[in-house]
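> Let me see the structure of the following:
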Amino acid sequence: MVEMDTTLTQTSTTELPRTVPASLEDTTAPLPQSTPHQLDAFVPGYPKIAARMSLIPETAMFRRFGALNARNLLYLQGDLARIEEELVKLEWSDSQSDTGKKAYYASSSKLLGNASVSRDGDVRQRELVERMSDTLCRYNQAIIHQRTILEMSTPDPADVQNMRCFYDSAMMNHGNTLIGADRDVWGTVLAQNSHSPELVVLRPREGVDPFSRALSRYAVPLWEMFAPARWKKPNPRLGVISVREDYVFMTTRWVTGFVAAVMPVLSIEVLKRMEGVEERLLAMAGFSLLMAVCLMSLTEAKRKDVFLVVMVFATMQAIFVDHVPGCLNEHI
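You can find the predicted model right below:
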């Protein structure tokens, strides 16, 4: 299992964001002697940002420049359309020419490739084919790259917020380090949605349930509030206090397992203690609703899975009510 970390607080030498989302990087591995232990070893600006992105790949987010990529494709498409139109006309013209070997261009790629001014009078068709090949190669690569970029995931909101906090921190001169047009790519901490809407991330977070995501995000303040002081030691690689994210996921797995084990027993126990039909029906509806909420918040269940599980759970309760003495069938 890959070890995952959540950066928690700050060192005595640099001020880092208060909440740093969990990373999939193994920051507990031994370091080479040449590897800096803290981001202070890097110059503020692109070097420090790049170093931190390498430590937390989930924050390696960049603009995809969709409009510029589309514009590039449109320009290349226009060039190819003109080349195609000109090439068709030139092929017909050369096929009817008596000069040199032009009439055989359409029948022999060798004659076309060896075209020369001394033999054929001009090499326009060869040059046009070479231009077509070069432009078509660029066009195909651009369209494949654009498709790949469009399939990339957007960053997690917590990672975007983390990037904003880092960029506005003291170690980045409170957001005044970058002075170019890209200084507002990640936005500012003062405006929640001030980042570019075109951000894509190189390594997206794996799909986790909402409960695990929330607990991972708020592990920082919880750890600072309740952890003993002796456990708050900076991570040697990040230079900050950290908590492994797999510990967070292990906690949520235990909570999910506990809820799954207790919910059916609890519903049966409550139904057994009720006497009225209406009370039991309301209790069944309440427990079914609670089960649906737990499935949506504690698991990654899809909509159809939630529907099926809740329906089975409600059926189980109805069967219990129908077969236990003093329950529904005795009041009908």
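> ranges for the strands of the stretch 1-150 of the chain?
5-7, 22-23, 61-63 (DSSP state E, counting those that start in this stretch).
> Then the stretch 201-332 of the chain?
With DSSP E, counting those that start in this stretch as the criterion, the stretch 201-332 of the chain has strands spanning 242-244.
> in it, which spans are helices?
Applying DSSP state H, counting those that start in this stretch to the stretch 201-332 of the chain gives helices spanning 210-217, 219-226, 245-273, 277-298, 303-323.
> and those, which one's lowest on average pLDDT?
Among the helices of the stretch 201-332 of the chain, helix 219-226 carries the lowest mean pLDDT, a mean of 66.
> Kindly check the end-to-end length of stretch 93-104 for me.
Using C-alpha to C-alpha, to the nearest Å, the gap from the first to the last residue of stretch 93-104 comes to 12 Å.
> can you pull the buried residues of it?
Asp94, Gly100, Lys101, Lys102 (16 or more other C-beta atoms under 10 Å). In this view, the C-beta of every residue, glycine as well, is placed from N, C-alpha and C.
> Determine which stretch of the helices of the stretch 201-332 of the chain is the most buried.
helix 210-217 (a mean of 19; mean count of other C-beta atoms under 10 Å).
> If I take it and helix 245-273, what angle do their directions form?
Interaxial angle of helix 210-217 relative to helix 245-273 (axes from the mean of the first three to the mean of the last three C-alpha atoms, to 10 degrees): 140 degrees.
> Which strands and helices lie in contact with helix 210-217?
helix 157-167, helix 245-273, helix 277-298 (3 or more C-beta pairs under 8 Å, 6 or more residues apart in numbering; DSSP states H and E).
> Among those helices, single out whichever gets nearest to Leu112.
With C-beta to C-beta, the closest approach to Leu112 among those belongs to helix 157-167: 53.9 Å.
> Format the CA atom coordinates belonging to the closest one as PDB.
The C-alpha trace of helix 157-167 is given here as PDB (Å, rounded to 0.1, in the frame of the first residue of the first chain):
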ATOM      1  CA  PRO A 157     -11.200  22.000  -4.400                       C
ATOM      2  CA  ALA A 158      -9.100  21.400  -1.300                       C
ATOM      3  CA  ASP A 159      -5.900  21.200  -3.400                       C
ATOM      4  CA  VAL A 160      -6.800  24.500  -5.100                       C
ATOM      5  CA  GLN A 161      -7.400  26.100  -1.700                       C
ATOM      6  CA  ASN A 162      -4.100  24.700  -0.500                       C
ATOM      7  CA  MET A 163      -2.300  26.100  -3.500                       C
ATOM      8  CA  ARG A 164      -3.800  29.500  -2.800                       C
ATOM      9  CA  CYS A 165      -2.700  29.300   0.800                       C
ATOM     10  CA  PHE A 166       0.800  28.400  -0.100                       C
ATOM     11  CA  TYR A 167       1.100  31.100  -2.700                       C
END
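> Grab the nearest non-local neighbour of Ala123.
Slight slip there: residue 123 is Val, not Ala. Ala115 (4.6 Å; C-beta to C-beta, 6 or more residues apart in numbering).
> Tell me which residues touch the one you found, please.
By C-beta atoms under 8 Å, 6 or more residues apart in numbering, Ala115 lies in contact with Gly100, Lys101, Lys102, Tyr105, Val123, Gln125, Arg126.
> mind checking the backbone torsions on the spatially most distant residue from the centre of the chain?
Centroid-distance maximum for the chain: Asp98 at 61.8 Å, with C-alpha atoms, centre = their mean. Here is the backbone geometry of Asp98 (degrees, to the nearest 10): phi -100, psi 0.
> gap between it and Gly121?
Counting by C-beta to C-beta, to the nearest Å, the gap from Asp98 to Gly121 is 10 Å.
> Need the pLDDT of Ala115.
85.
> Next: Arg205.
The model's pLDDT for Arg205 equals 79.
> for Ala60, same thing?
On the pLDDT scale, Ala60 gets 93.
> surely it meets Val201?
Yes: using C-beta atoms under 8 Å, Ala60 is in contact with Val201, at 6.4 Å.
> quick one: the residue lying closest to Leu266 once chain neighbours are set aside and Ala301, what's the gap?
Nearest non-adjacent residue to Leu266, counting by C-beta to C-beta, 6+ apart: Phe287, 7.8 Å away. Look at Phe287 and Ala301: by C-beta to C-beta, they are 17 Å apart.
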